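> Dropping the sequence and predicted coords here.
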Amino acid sequence: MAAVAAVVSIGRPTWSTRVARIVLVLAALAVLGWLLVLPLLAIFAEAFRQGLAFYLDAIRQPDTVAAVRLTLTVAAIAVPLNLVFGLAAAWSMTHFEFRGKALLAALIDLPFSISPVVCGMMLILVYGKDGWLGGWLQAHNVQVIFALPGLVLATVLVTLPFVARELIPLMQAQGSEQEEAALTLGANGWQIFFRVTLPRVRWALLYGVLLCNARAMGEFGAVYVVSGHLRGITNTLPLQVDQLYQENFSAAFAAASLLALLTVLTLGIKRFVEWRHGDQLH
């Protein structure tokens, strides 16, 4: 009985443990409040400081509307591309052994380590007017830099790891026993993928896509380098906010509030998925 009581007392949190837990939680909330919540509230407060009429007029400006449209277009192209790449990379990394596997894993993580500005410069050196492929592209009337393709390439590059890095740990943990059983029963590759593999990773896939989408809509550095800052043509919403900040303070915060709303909405969906299907994400 004494041994059982000792075990119970060890598992029961002490007063000092409860105090430490409360202090740590309050400290974390204070840091998040000062660094995240308060600045986010300040954006919306400044956006509406001159009234609703000014806010609506600011976000209806043609250049801002064009920036929102371009941002959504770039994300709508870049995210599906990274979805396909992430699935292919995760499948290859977890189901096959091949030379260069460690190199592939390192390359997938590389965009996390490189500055987005450097990513943009890399694209200019390859696809720019004086880049490695610049002459060939010009000869075929294909413009990549300072046009939509460059924005998409920059966004794809900086968001490349998100889907793959959500899928690889999960697929490694799940193993390939079910796929092997389906193969033994006569299923072909596509049947195995759509009926066995994909249903097992669908929530982690959605989670990765949401993270990728949030990052794509907020990308600034790489897109800034390859866009040319052409207002109404190659300005995404983050670039539009940057230009407005130098000209019209309140209008800049109105545009920034749109970007914040898009990001918060995406992360809200991500949090909901995490709450409902957290056990299937890892």
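Cool, the structure landed. Residues are numbered from 1 along each chain as shown.

> Helices along the stretch 51-200 of the chain, start to end?
For the stretch 51-200 of the chain, applying DSSP state H, counting those that start in this stretch gives helices covering 52-59, 62-95, 101-113, 116-127, 134-139, 148-158, 161-174, 177-184, 189-192, 198-218.

> Show me what the shortest one is packed up against.
Just to be clear, that refers to helix 189-192. Counting contacts by 3 or more CB pairs under 8 Å, 6 or more residues apart in numbering; DSSP states H and E, helix 189-192 packs against helix 177-184. In this view, the C-beta of every residue, glycine as well, is placed from N, C-alpha and C.

> pretty sure residue 50 is touching residue 250, no?
Yes: using CB atoms under 8 Å, residue 50 is in contact with residue 250, at 5.3 Å.

> list the residues that contact both of these two?
Common neighbours of residue 50 and residue 250, counting by CB atoms under 8 Å, 6 or more residues apart in numbering, are absent.

> how many neighbours does the nearest residue to residue 221 once chain neighbours are set aside have?
Distances taken as CB to CB, 6 or more residues apart in numbering put residue 116 closest to residue 221, at 3.1 Å, once the chain neighbours are dropped. Per other CB atoms under 10 Å, the neighbour tally for residue 116 reads 19.

> Could you pull up the contacting residues of residue 116?
Taking CB under 8 Å, 6+ apart, we find residue 116 in contact with 154, 158, 219, 220, 221, 222.

> how close does it get to residue 107?
17 Å (CB to CB, to the nearest Å).

> Save the helices of the stretch 51-200 of the chain as a markdown table, and put in mean pLDDT too.
Below are the helices of the stretch 51-200 of the chain laid out as a markdown table (pLDDT from 0 to 100):
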| stretch | mean pLDDT |
| --- | --- |
| helix 52-59 | 93 |
| helix 62-95 | 94 |
| helix 101-113 | 91 |
| helix 116-127 | 95 |
| helix 134-139 | 91 |
| helix 148-158 | 96 |
| helix 161-174 | 91 |
| helix 177-184 | 82 |
| helix 189-192 | 81 |
| helix 198-218 | 90 |
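
> With distance to residue 27 added, can I get these in JSON lines?
Formatted as JSON lines, the helices of the stretch 51-200 of the chain follow (distance: least, CB to CB, whole Å):
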{"stretch": "helix 52-59", "distance to residue 27": "35"}
{"stretch": "helix 62-95", "distance to residue 27": "35"}
{"stretch": "helix 101-113", "distance to residue 27": "27"}
{"stretch": "helix 116-127", "distance to residue 27": "31"}
{"stretch": "helix 134-139", "distance to residue 27": "52"}
{"stretch": "helix 148-158", "distance to residue 27": "32"}
{"stretch": "helix 161-174", "distance to residue 27": "29"}
{"stretch": "helix 177-184", "distance to residue 27": "44"}
{"stretch": "helix 189-192", "distance to residue 27": "49"}
{"stretch": "helix 198-218", "distance to residue 27": "26"}
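
> tell me the most buried of those helices?
helix 148-158 (a mean of 23; mean count of other CB atoms under 10 Å).
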